[in-house]
Each structure stands twice: as C-alpha cells, then as structure tokens.
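Student: Just to be clear, the model below is a prediction. Sequence and coordinates:
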There are 2 protein chains.
Amino acid sequence: MITISLDSNSSLPMYRQIYEYIKEEILSGTLSFPEKLPSSRSLASFLQVSRSTVDTAYEQLVAEGYIEAKEKRGFYVNSITHTTNFDLPAPASPVENENSAHTWIQFDFNPDAIDTTHFPYSIWKSLGKNEMDNPENFLLGDHLGELPLRRAISAYLHGSRGVFCTPENIVVGAGLDYLLQMICLMFDRKEKIAMEDPGYHSARQIFLANGYSLTDIPLQNATFDVDALARSKADICYVTPSHQFPLGSVMGIRERQKLLSWASKAENRYIIEDDHDSEFRYKGKPIPALQSLDRCQNVIYIGSLSKAISPAIRVGYMVLPDSLMESYRQICSIYACPVSRTSQAVLTSFIREGYFEKHLNRMRKIYKAKHDFMVEQIKKNFPTSQIQISGDNAGLYIILRYLGTLSEEEILDRAEKNGIRLRSLRSCYANLPADYRPAFLLGFAGLEESNIKDGITILAKEVFT
Amino acid sequence: MITISLDSNSSLPMYRQIYEYIKEEILSGTLSFPEKLPSSRSLASFLQVSRSTVDTAYEQLVAEGYIEAKEKRGFYVNSITHTTNFDLPAPASPVENENSAHTWIQFDFNPDAIDTTHFPYSIWKSLGKNEMDNPENFLLGDHLGELPLRRAISAYLHGSRGVFCTPENIVVGAGLDYLLQMICLMFDRKEKIAMEDPGYHSARQIFLANGYSLTDIPLQNATFDVDALARSKADICYVTPSHQFPLGSVMGIRERQKLLSWASKAENRYIIEDDHDSEFRYKGKPIPALQSLDRCQNVIYIGSLSKAISPAIRVGYMVLPDSLMESYRQICSIYACPVSRTSQAVLTSFIREGYFEKHLNRMRKIYKAKHDFMVEQIKKNFPTSQIQISGDNAGLYIILRYLGTLSEEEILDRAEKNGIRLRSLRSCYANLPADYRPAFLLGFAGLEESNIKDGITILAKEVFT
C-alpha cells in the first residue's frame, strides 16, 4: 500500500496531494514499471478519503501518462525514462538589464522621438470609453483591418496624399516593420531588392532577415538614380520619395516618372513607397505620394501613424495594387490583423470625426517652430565654416554635417560624456562614400525649446571643438 | 506671360492655384523643357498677387522637380517624360465583398469562437480609463513588451502552467501567428520543421510561407511518435502536448521525456510547444507544460490570450530559452512589440489584480457546462453506432467522427443547406490516412445552450441521415 501523509489543512486539495505524491514516486523511480497500483477503492479506504478523490488523482496521472488504466485489471505504472535532464541545474540567473550601465543622458536628439505633450488625450480617452466595453471588439475581425478603419484611412490618404485607393486595397498592420514583413512573405526570396544608399537601416535588416539579397543604389546629390536601378537587375525597389530617409530630399517629378516607367517596363516589377514623415512639411504643401502618379499598379504604398499619433499605438497601413491583393489573401490571411479591434475602433472615430487632421495641423505648427528654433540655434552657435545643415523643412530631424577635423567617434564619445546622445548618419549607409564627413541626425520633436537650446549650446561649446 | 484665372473665393489658397496650374501645364506639355518661367516678381505683378505667393508656388514646383531654379538666371521647366502611363484608365472598380454570396448560417460550430457574454467589461473599461490618457503609453516601448506585463505573464505561467521563466525570457507579440513568424526569422530556412499530422494548419502555412520544408509525423493512436521524429532528421519540431490540435489528446509523460531527450541529444534542436487551449480542462487539473520538464533549454513555449480573453485583443507570449534570447535580440529587435502600450498596460493590471484568474475560473465552469451539454445532446440525438466523440474534456471543441455511409462532402453540403457551418478534420491533415472517416471539429464556446440543442438536433435529423 502507498503511504501518503495527507494534510487536511493544506491549500492543496486531497486529490492533488495524492497525485503529486505518486508522480514524485514515479519520477524518482520508487514506483516503477510495471508495478500495479492499489485499486482506488482500497487506497481510498486506506487513506480515509472518498473513492472519487483517488479516482480524480488516478485520472490525472493517466492523462499525463504516468500510469495506465488496463480494463478490468487496474492501474499500472508506465515505464518512464529517467533522463539525466533532471539532474542538471536550473537555468542560469536572468540576463542583466542591458541598459543598466549607460551614462546619464540629459539631451537625446532622437530622430524617432515625437512630442507627446500636445496629444488630445481627453478626446482619445472619451472615444475609448465607448469602445472598451463593446463585446463586438472582442470577436476576431477582418485580417485586413476593420472596414470602417480602412474607409477612414482611404479617405485620409486620398485627400491628403493624393493616394489612389479603395478600402479594399488597404491592409492595416502594426507599423512599418510589420507591413514590410508581410511584403517579404508575398514575394519570392530569389528576388533582389534595390534600396537607396544611404537608406532606412531597419527596412534593410528586415529584407535581409527574410533571406532577400539587396542591391544598393548610391544616391547622386541626394537623388535616386533610376538608371543605376535599371542596371541593377532588381525587380523590386524600396524608396522614400517624399522625404528621403535619411537625407530628407524630395524625389523630383522627373525621377518619379522615370521610376514609374521603369516599373511598367517588365512584368512583376514593384516599387515599395515608404511615405514616412510625409505629414510634416514646413514649406509649401505636402508633396503628393509617388503612388498618386502610378497608373500601372506598380506601387505598394506604406505609411504609419508612428509620427503622426504615436509609435506606441502600433498602427500602419499599406495600399496594395489589385494585382497583389490576391496573393496577400492567399499568403498573409493566416496572420490576423495585429491591431486590437478596440484600438482600431478608437482610431476610426479619431480620424472620421476630424480630430486626426486637427491634431496634424496643430503638430505641424509646433514641429515647425521647434525645427526653426533648432536651425536658428545651430546657426547662432556654430561657425558657418564648421557645419552644414540639410534635410530641413520637413520631418522631425535635420542633418548636421561636420566639416572640422574631429573624427565621428571622437564626437560621439564627447557627446555621451556631456550627456548628449547623437545618431550618426553612418549607420544608414551600406557603402560609405569616400568623401563621407561626420554627420548626425538631430531630432527636435521630442525636446522642449529650452532643451534644444541647451543641447545645441553644449554641442557647439563642448563637443564640436 | 502665364494666364491663370485665379479664384479668390476658392478654398484653395492662391499659391496652390498657381502651383496646380503650372504643374498641369507642364504635365500636359504646354509648358516644356527648357522654357523659362516669368520671374516671380513679374508674374506676381501680372496676377495681382503678392510676390511671396508666387515664390511659394515656385518653391513647391522646385521641390517636386517640375521646375529648376538656376542661380541668378531664374526658373526653368524641367524635361519631363510623358509616359503612356497617364493615358491608361484608372484601376478597375473595388473587389466585390467575397462573403456576400454566402447562404444564411444559423448555427456556426466554429471551434475558434469564444463566449464573449461573460467578460468583465466594466472592469476592463475602468482599467482602461487610467491608461488611455497616460502620455507614457504614447512613447515607444520595449520591443519584447513592457517589463510589468512580462512580469505578470511570467508569474501566471509559472503558477498555472509550471513554466520555468523569468520576465527577461518572455516576448510579447500579436498572437500565435505573429510569434511563429518571429521564430521563423530566428532559424535558418534550410532547417526542416517536423509537425504533427494531423496538426495546426495555420502553423503549417506560416512555416511554408517562410520557406521552410516540413516533415509530417503521423500520430499513432493520437500520440506523437518521437521515433519517427528522430528518423525524420528534422532539428525543430512543433507540437501541442497539452491538448493536441486537432485531436485533443494529451502527450504522456513517457513521450514528453523521450521528446526532451531527443532534443538534448544534438546541438540546436528545438521544440516549439504551442500550449493553446491549455487553460480549459474540465477533468483533473491542467496538464503542466512540456517546458516545465525541460532542463536543457530546448523548448520554446508559446501561448496566447485568444481563447482566455479574446482573439481580437491580439496578445500572445513566448518563453525563449536563454540560448535563443541573443539571436532574438539580434534578428527581431527591429520589430517593435506589436501590442499597443495602452493595451499592454490594461492587460497588466487585469492579470496583476487577479481579474484574469477569476475570469478564467469562471469561464472554465461555463465552458465545462456547454461542453457537457453538447456531449449530452449528441448522445441523446445520435445512435451510438453512427458516431464517435473524442478530444473531449478540454478545449473549446469536440471531435465528432461519423461512421455512416455519407461522404464528408455530402455532410458539409447538407449542413450548409440547413444553415449549419461545420469544419472538417480533413484540412488538418497533410497526408490523409487510408482509414480516414468523416470527422468534424464542433465548437461549443460561442453558442448558447439553446443553439447547441437546436443545431445538434438538426445535425442528427437532417444532416447525418
């Protein structure tokens, strides 16, 4: 008989204590194959518990494979391999937090940062109130994103970016990275993808992680070289026509037409247009999307709300040509839309009721002021012979090119020591040009004017000297 | 001079009207390379507008590449290729809604459905109230998911599933599909992945979409065959040990140990444990996760909240062995956590304050009642010689195997005609066994008892006869 000291005061129910005891006995080898267990009736009477308690414990042990029930014969211990696994120590202690050793950064000119102080939180919250307890938002929705949201995005893109689209061609995803991932699944990994050089390093990494080979098209005077693209033999190209990342230049109409003409000249050529930052232009009106000129259905248009609303709400969208919708459905419909339906519903109202456009207009003014202030501070603090500013009048950062004698490493090092974090342009290059000079992406969106002022002053007085 | 009929009552600002006019003239070829435009001063005086209005229009045209500013010489029209693109008709009308032609379905035995009537909406809403207007939730967060959420998940998994983990090993993602996608990026596509047959078709599709080759391990009496796995030469295997999908069987301790021992016997062998539905067992206590027995760090554990909370909140999690954390960081850190920070924060409180466990306990009872009711209805309505029930006592569906003479197509067809949607087991097989009999996954979670009763009655009286 099995002697189990049952504890009626334990938080563990009786059946569980029996189960745990027998399991341990089997794992340790005390009870072993092909031993027979006492019948549940006799064990129950021995332990002074109800028979159903023992039955429950036995059933669990059967379910987990520790013992076997043989019809009309009773319960038998199964043969369990006592692998050395069990003698090994438990895994090592948790990985150290990798950020713990960083020096204290006072001014972070992060080009990806946004200003979160002017968001209409109370409106967002009140829109959320109607959606948080709507059971409809708890049922699995459309893998492309909910139709009302796609309608709202479609109207916005058509009106503000000239994008030609119907809600049926829109895919809602969790930001640019997610949407590029989906695009990677739609094409054959044998394809070559052409990229701007310098270009968007995250897109580069995503294409590489998906097994694509890349061909880099060096920008000529910050301009995309369509002839080099044609020579490259790539059939897919990824470009940022409205605000070249990172240089900030605008692709001219001549290059746009050349690029579209290149795409129309062979089957299955596609242009991935990343329209990042396009909402924020501080001079003239926004440049219409390349997609708005496309009449041959060769452009995949991608945008996100990371800058316009927040990078943390994880919402982006892409407009697929009709020719790709079918393959999207075939290959990507296994992936549910990653944006929660509650978020989608809140966002739909936010766009449809005009709050989004109002917010954009407001932020455009605020960012323009910050942008102008930063440029002014730079001009005031640096000798003109020492630096060059470019990529201005749009987006959330400018490029500061340094013409002095310090190396980029020295500058980055000095900056960190002075509590300033800079991002070098270098990491955006696949092939660094011979005439590369140290240059930095200086974000202004996430900083207050006073911080911009102090940060730039320190840069001029302590770092670039 | 350029004659533009400016409309001072138009909603378009003056500069924009000038810009649009000149752009059209260039696109249509009326103005062409290398024509010189009037100076902004003379055009402004001609049009009776301020000079800055014309300057703004010209700047925009320069920015978009339609014209060029030559220093001290003025503005010149660029050479634009008039591609035939522009003569093509606009894209065809929107794709028809593919669901529009379906017959009216009254009873959908969807195995993926959940019961949304008993969710504690008011609690969820009140937790949301604190998070919707928190600016912190609008800043880009940790790509693994926020630490408080990972802590909450870690505690839950350890307590309820026996999973050994630290918050540092947890990755939060948008459900199983998203997490499998991330896993696909971490391994070499030359690897072969072994899968249960029958198995989870969506996982199968995701592996294939990522270029992996698959090897199918036929289940023997609903049991995973580790010897066949060893023979297959695969180094990665995807299994559902706690509740085999679709058959509902539990992997016994013997197979679990064999499987772990297989994984420990060579470098870089990994077991992907999909612990779906594991929260819902109606007999005995939940079966501990396979990962809880792993001492060699070979198991990647994945779970999701699609069944436990909702498929539409898009939250899942995986526990990576230490050995894979570094490659996750290297390859996957470009992908931001796809779950919005607001959702993460609400969920964290929901778990930490005990609502999640309370909800699970409540739903377990509700689902058990529905499960028992469905089994009872089936037993009452069908002759025992005609059907077999399996995969019961856990999850949100049962399997109904049909032993009569009708073909599966006939049954599905009749069911649809009677307003009932069934899912056949067939689609879960890579290789249909010779002795396959028509079988269906009958979900009960999303249906009321009255619907279960009526649906089963119609199945017995009108469909399976």
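Tutor: Received it, and whenever you're ready, just let me know what you need. None of these values were measured; they are calculated from a predicted model. Numbering: from 1, shown residues only, chains lettered A, B, ... in the order given.

Student: Go ahead and flag the most central residue of chain A.
Tutor: Geometric centre of chain A, nearest residue: residue A:177, 4.7 Å, by C-alpha atoms, centre = their mean.

Student: give the contact list for it.
Tutor: A:202, A:206, B:334-336 (C-beta atoms under 8 Å, 6 or more residues apart in numbering or on different chains). All C-beta atoms are positioned from the backbone trio N, CA, C, and that covers glycine.

Student: Apply 6 Å and report the result again.
Tutor: Residue A:177 makes contact with B:334-335 under the criterion C-beta atoms under 6 Å, 6 or more residues apart in numbering or on different chains.

Student: From residue A:159, how far out is residue A:240?
Tutor: 21 Å (C-beta to C-beta, to the nearest Å).

Student: The two: which has the busier surroundings?
Tutor: residue A:240 (27 against 10; other C-beta atoms under 10 Å in any protein chain shown).

Student: What are the phi and psi values at the more buried one?
Tutor: Reported as degrees, to the nearest 10, the phi and psi values for residue A:240 are phi -130, psi 70.

Student: Buried residues, stretch A:116-133. List them.
Tutor: Residues of stretch A:116-133 classed as buried: A:116, A:119-121, A:123-125, A:127-128, A:131-133 (neighbour count, 16 or more other C-beta atoms under 10 Å in any protein chain shown).

Student: Kindly report the same for stretch A:13-21.
Tutor: Applying 16+ other C-beta under 10 Å to stretch A:13-21 flags A:14-19, A:21 as buried.

Student: Assign residue A:69 to helix, strand or coil.
Tutor: strand (DSSP: H, G, I helix; E, B strand; the rest coil).

Student: does residue A:160 sit in a helix or strand, and which one?
Tutor: Per DSSP states H and E, residue A:160 falls inside helix A:147-161.

Student: next one: residue A:369
Tutor: helix A:355-381.

Student: before we move on, back to that, part of a strand, is the residue nearest to the centre of chain A?
Tutor: No: per three-state DSSP, residue A:177 lies outside any strand segment and is helix.

Student: Run through chain A and note the low-pLDDT ranges.
Tutor: Residues of chain A that meet the criterion pLDDT under 70 lie in A:1, A:81-103.

Student: Quick check: closest non-adjacent residue to residue A:306.
Tutor: Once flanking residues are discounted, residue A:306 sits nearest to residue A:175: 5.8 Å by C-beta to C-beta, 6 or more residues apart in numbering or on different chains.

Student: and the gap between the one you found and residue A:218?
Tutor: For residue A:175, the distance to residue A:218 equals 28 Å [C-beta to C-beta].

Student: so what's residue A:318 bridging to?
Tutor: For residue A:318, the beta-bridge partners under DSSP bridges are residue A:171, residue A:302.

Student: quick one: contacts for it?
Tutor: Counting by C-beta under 6 Å, 6+ apart, residue A:318 has contacts A:171, A:179, A:302.

Student: what do you get if the cut-off is 8 Å, keeping everything else the same?
Tutor: Contacts of residue A:318 (C-beta under 8 Å, 6+ apart): A:170-171, A:173, A:179, A:182-183, A:300-303.

Student: List the buried residues of stretch A:159-172.
Tutor: Applying 16+ other C-beta under 10 Å to stretch A:159-172 flags A:160-161, A:163-172 as buried.

Student: What's the end-to-end length of that stretch?
Tutor: End-to-end distance of stretch A:159-172 (C-alpha to C-alpha, to the nearest Å): 18 Å.

Student: cool, and stretch A:345-359?
Tutor: End-to-end for stretch A:345-359, by C-alpha to C-alpha: 18 Å.

Student: Please say which of residue A:175 and residue A:218 ends up with more neighbours.
Tutor: Applying other C-beta under 10 Å to residue A:175 and residue A:218 shows that residue A:175 carries more neighbours, namely 25 against 14.

Student: I'd say residue A:194 and residue A:218 touch.
Tutor: No: applying C-beta atoms under 8 Å, one finds residue A:194 not in contact with residue A:218, separated by 11.2 Å.

Student: give me the number of residues near residue A:250?
Tutor: Residue A:250 has 25 nearby residues by other C-beta under 10 Å.

Student: ok, back up a step: ok, the residue nearest to residue A:306 to residue B:165 distance?
Tutor: For residue A:175 relative to residue B:165 (C-beta to C-beta), the value is 27 Å.

Student: Same check on residue A:59?
Tutor: 28 Å.

Student: How about residue A:204?
Tutor: 32 Å.

Student: same deal with residue A:301?
Tutor: 40 Å.

Student: So is stretch A:128-140 next to chain B?
Tutor: Yes: using C-beta under 8 Å from any C-beta of the partner chain, stretch A:128-140 reaches chain B at A:128-129, A:132-133, A:135, A:137-140.

Student: mind listing which of those are in helices?
Tutor: A:128-129 (DSSP state H).

Student: Select, from the residues of stretch A:128-140 next to chain B, the two members most distant in space.
Tutor: With C-beta to C-beta as the measure, no two of the residues of stretch A:128-140 next to chain B lie farther apart than A:129 and A:140, at 23.1 Å.

Student: from the buried residues of stretch A:159-172, which two are the most distant?
Tutor: A:160 and A:168 (19.8 Å).

Student: Just the element for residue A:185, please.
Tutor: Element membership for residue A:185 (DSSP H and E) is helix A:175-186.
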